[in-house]
Structures are given as C-alpha cells and as structure tokens.
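In: Let me see the structure of the following:
(4 chains)
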Number of protein chains: 2
Amino acid sequence: MTAVARPGPRDRLLAAARDLTYRHGVSVGVDAILKEAEVARRSLYQHFGGKDELVAEVLRTSAAVDERRYADGLDSGGDEPRARLLALFDRLGEFTGREGFHGCRYIAAHSSLTSPEHPAYAEIIGHKDRVLAMLRAELDAMGHPGPEGAAIRLQFLVDAILVEEAVRPGLGAAAIARPLVEAVLDAQ
Amino acid sequence: MTAVARPGPRDRLLAAARDLTYRHGVSVGVDAILKEAEVARRSLYQHFGGKDELVAEVLRTSAAVDERRYADGLDSGGDEPRARLLALFDRLGEFTGREGFHGCRYIAAHSSLTSPEHPAYAEIIGHKDRVLAMLRAELDAMGHPGPEGAAIRLQFLVDAILVEEAVRPGLGAAAIARPLVEAVLDAQ
DNA sequence: CTAACGATAGACCGACCGGTCTATCTGCTG
DNA sequence: CAGCAGATAGACCGGTCGGTCTATCGTTAG
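Out: Now for the predicted structure:
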C-alpha cells in the first residue's frame, strides 16, 4: 500500500512556501521554508534556482487556486450574470471571515517586492488582470452599459474587502460593501 | 545669518526614515537610514531606543501630516459636507497621481509587521480610526441616514484608491471610484 | 551486484541585520 | 579657559540572510 505516498521535495517546498509566505510575508527566510518542508537546502536550488523563483512559483500556483475560487464563487450564483457577481461577493465574505485569513497575498507581495524586476512581480499583475477579466466577462454578459469602468470598480471593492478585513478582523467587510456592489451593477 | 540651520540628528533621522521606509518599506536597514540622515549610529539608539521605535515615530508623525492633508482636502470643498467629501476624493486623486506616490504607507506597514506587538502597529490602527472619524463627522453633519456604514464604505474607497493606484500607476483610481463615492453619499 | 541518480544533512561562505561599544571631536556654558 | 554634553566615526558583536559546497544515504535501472 502506497496510499500515504509523501509528495516529492518540489511539492513539499511549494506547499511550505505557500503557507509561510502567506503567514509571514515573502520576506520569510529560506531556512524556515526548508525546515517546514523537511527538504534539503540543495533541493530548493536544484528545483527552483533560488528563493525569488520559488516565491514566483508560489504566487503562480496560488493564483491558479484563487482564480478557481473566484470562478466557483461565480458559479455558485447560477447562470444569471448579476446573481453570479453578487454570489461572488457573498463567497468572498465567507472566505475573508474564515480563520486563517489575514489579507491578500498578492497585494502584500506587491508592497514587499522592491523592484518590478522580481520574477514574482509579473505573477501579481497577471493575477489581477485575470480577475479583472473575469469580472468584465460577467458585466459584458449582463449587458452592463459601462463594463470596463464597472469591472475596475468591482475589483476596487474586492481588494478593499481583502485589505480592510485584514486590518480590522471581524469587520464583515463584504457585507458592508454589498450596497456598493449593487450600485456598480445597477448603474445606468 | 543662521538661515540654513541644519536640523538636529533626531529630525534628520525622522526625515530620512520617513522617506526610506516609504520607498523601500519598513524593512529597510538602519545602515541605509543612518547614511541618508548623515547621523551617527549611536544617535539613533540614544533618541529612539531602537529601530522599531523609530519606525513607530515615523508612522506617528506621518499620520499627523496625512490627517492634516485629509482635513485640508475637506476644507477645499467649502462648508457643505457633501461637497467637502467629494472635494476630499478629488484631492486624493491629485495626490495619488503625483510622482513619488506609490501606495499607502500604513497598509504596507500593516502587511509587513509580523506581530501586533510592534510599537508601530497601534499607530496604523490609530491613523485609520482617526480618518474614519473624520469621514463619519462629515456624514453626520450632512444628516446621512446611515453614517456609520457609509463612513466605512468611504474608507473602503479611499484605501482602494491608494492600493490600486499603487498597483497600476496612472490608472486614475480616484476618478473611477467617483460614482461609488456619490452612491455612498446619496444612499437612502 | 553495481552504477547512477535524486535526495539528504549539514558545514561553510560573504554579506547584512539590529544593536553595543570606545574614542574623538565640536560647541556651548560657566 | 575649563569642563561637559551631545554628536561623530567606526570597530565590533552574535545572529541571520541567500547561496554553494561536500559527503552520505536510498532507490532504482541495467
């Protein structure tokens, strides 16, 4: 029985780095990541080349997970675009209320990374672009009169919820923002 | 003529730290701050006790400046509360469009500081509380039906503008958010 | 069996971290 | 002038940073 097959060093590194960089920021040390992953120092540099590339890969894989979460949130609202977008914000409220949530990984990384040359930088921008495109697609589908501006406004609200709930845990940012979401959707 | 009187080491340290922690984050090294301030290493520990206290003092004095800027922004709108709040967001748009702007110092610090025990942490929360109170006072004055929620929503928009303009320089976040500001103010 | 490969532990590197120290210099006050 | 307080430069400390190294172990393929 190989049922409990332990993931390889690469996956353990990614998992540990995903956890630790979220909890302590991307400035967390490689030693802590190696210890958490129970992986040899050499394996990190063998698989990723360096810490920066590991961080970039963490953001890349996290972005895929998070974008999938957004897609699921939309789908939880059914077929009608307006209901889908409202459902997305409901799911966001649930997500930001969960224990362990303490902010947006990408926004935090953006303010931590000192230069746009960092390989993780492009992942941050790419993630935000893709989320924006998802919002835009729903607005297009519902025939919103100004889908471009509205999509940006919805992303403002998403990010505001993520930031404020981190700064003031338990605030219930998503519920507070609800009327603004409706204002965006119902704008003439 | 003592016209060019150089500020003392304490003020030079504060100015250098204010600049460098904004540009590079609070994780900037003390060596860089000392060099920029042209101050002896010993003076830092004599005046502030340590880096953490220096950072806290930087946030404290920066908060006073920024809150004054918000107050001036309100005043630029005249006497009528609604006009004052709209003017605040106009001034915010000008401010975030200026060269050298690259995000909100307090939000960045919040995601960098690892623990709420850090002396700077209270300054962050205090600043956000005071800005919220300023918004709330205007909403009260204009007889807004739901001033508490509306104040939080306005702060969401302020923070969203600060964050998004940092992530996407040149976006014009304040102008994009304008309809949402009006939606908050005109809510029944 | 053996050769090869991937992973392991851990020593080691130079650089930098925040913080303490001594010694020297400068400018004000009595 | 003497003396003192505050500022200076810079050596120094232990610890940690990201990254490279050697040597050993375990598995697997030939």
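In: use CA for all of it now, contacts and neighbours both
Out: Will do.
In: State the helix or strand in which the residue lying closest to residue A:174 once chain neighbours are set aside lies.
Out: Spatial nearest neighbour of residue A:174, excluding adjacent residues (C-alpha to C-alpha, 6 or more residues apart in numbering or on different chains): residue A:93 at 4.7 Å. Using DSSP states H and E, residue A:93 maps to helix A:81-97.
In: outside of that helix, which residues touch it?
Out: A:70, A:73-78, A:101-103, A:135, A:138-139, A:141-142, A:158, A:162, A:165, A:169-170, A:172-175, A:178, A:181-182, A:185 (C-alpha atoms under 8 Å, 6 or more residues apart in numbering or on different chains).
In: Just the ones of the residues you listed in helices?
Out: Counting by DSSP state H, the contacts of helix A:81-97 place A:70, A:73-75, A:135, A:138-139, A:141, A:158, A:162, A:165, A:173-175, A:178, A:181-182, A:185 in helices.
In: re the thing from before, buried sites along the helix holding residue A:93?
Out: Buried residues in helix A:81-97, counted by 16 or more other C-alpha atoms under 10 Å in any protein chain shown: A:81-93, A:96-97.
In: what's the burial count for the residue nearest to residue A:121 when sequence neighbours are not counted?
Out: With sequence-adjacent residues excluded and distances taken as C-alpha to C-alpha, 6+ apart, residue A:121 is closest to residue A:110, at 7.0 Å. Neighbour count for residue A:110, taken as other C-alpha atoms under 10 Å in any protein chain shown: 23.
In: List the contacts of residue A:110.
Out: Each residue near residue A:110 by C-alpha under 8 Å, 6+ apart is listed here: A:121, A:124, B:167.
In: Okay, and it sits in which element?
Out: Assigned by DSSP H and E, residue A:110 belongs to helix A:105-112.
In: then that helix to CSV, C-alphas only?
Out: The C-alpha trace of helix A:105-112 is given here as CSV (Å, rounded to 0.1, in the frame of the first residue of the first chain):
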residue,chain,number,x,y,z
ARG,A,105,-1.2,37.6,-0.7
TYR,A,106,-0.7,39.5,-3.9
ILE,A,107,-1.3,43.0,-2.5
ALA,A,108,1.1,42.2,0.4
ALA,A,109,3.7,40.8,-2.0
HIS,A,110,3.3,43.9,-4.2
SER,A,111,4.2,46.2,-1.4
SER,A,112,7.0,44.0,-0.2
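In: domain ranges for chain A?
Out: By the record's domain assignment, chain A is partitioned as A:7-49, A:52-186 (automatic domain parsing).
In: could you dump those to a markdown table with mean pLDDT?
Out: A markdown table is the format used below for the domains of chain A (pLDDT from 0 to 100):
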| stretch | mean pLDDT |
| --- | --- |
| domain A:7-49 | 96 |
| domain A:52-186 | 97 |
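In: DNA strand D is nearest to which of those domains?
Out: Nearest to DNA strand D, of all those, is domain A:7-49, at 3.3 Å by C-alpha to the nearest atom of the strand.
In: That closest one and DNA strand D in contact?
Out: Yes: legend: contact between domain A:7-49 and DNA strand D by C-alpha under 7 Å from any atom of the strand is shown at A:27-32, A:41-42, A:45, A:49.
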